[in-house]
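J.: when you get a sec, could you give me coordinates for this:
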Amino acid sequence: MLRNYLPEVMDKDERQVVDSLIQSLVYLKKEAQREGQAFIAYAIEDAIIHAKGVRDTKYSPPRYHNIK
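T.: Presented below is the predicted three-dimensional model:
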């Protein structure tokens, strides 16, 4: 999922970018839980799992100029 949205920032430190995204998602999940939005919290948890998967792999998407 996230692999489609990160190619423009992959030339930066990938781990730092994805860690920042994960921190934001964790905050949003806590807010959704606080507001009683269980379905949204579940969807955010799924995004967190995918983000951690991206961070922990050696995957590097094609650069923007290579995509036609």
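J.: what about the chain, any weak spots by pLDDT?
T.: Counting by pLDDT under 70, the chain has low-confidence residues at 1-12, 58-68.
J.: how about the helices in it?
T.: Counting by DSSP state H, the chain has these helices, from start to end: 14-34, 38-55.
J.: name the helices or strands packed onto the last one?
T.: When contacts are defined as 3 or more CB pairs under 8 Å, 6 or more residues apart in numbering; DSSP states H and E, helix 38-55 packs onto helix 14-34. From N, CA and C alone the C-beta is placed, and that goes for glycine too.
J.: equivalent analysis for the first one, please.
T.: Secondary-structure packing of helix 14-34 (3+ CB pairs under 8 Å, 6+ apart): helix 38-55.
J.: buried sites along the helix it packs on?
T.: Judged by neighbour count (16 or more other CB atoms under 10 Å), helix 38-55 contains these buried residues: Ala41, Ile44, Ala47, Ile48, Ala51, Val54, Arg55.
J.: what's the closest non-adjacent residue to the third one?
T.: In space, and not counting its chain neighbours, Ala47 is closest to Leu25: 5.5 Å by CB to CB, 6 or more residues apart in numbering.
J.: kindly report the same for the first one.
T.: Sequence neighbours aside, Ala32 is the residue nearest to Ala41 in space, at 4.1 Å (criterion: CB to CB, 6+ apart).
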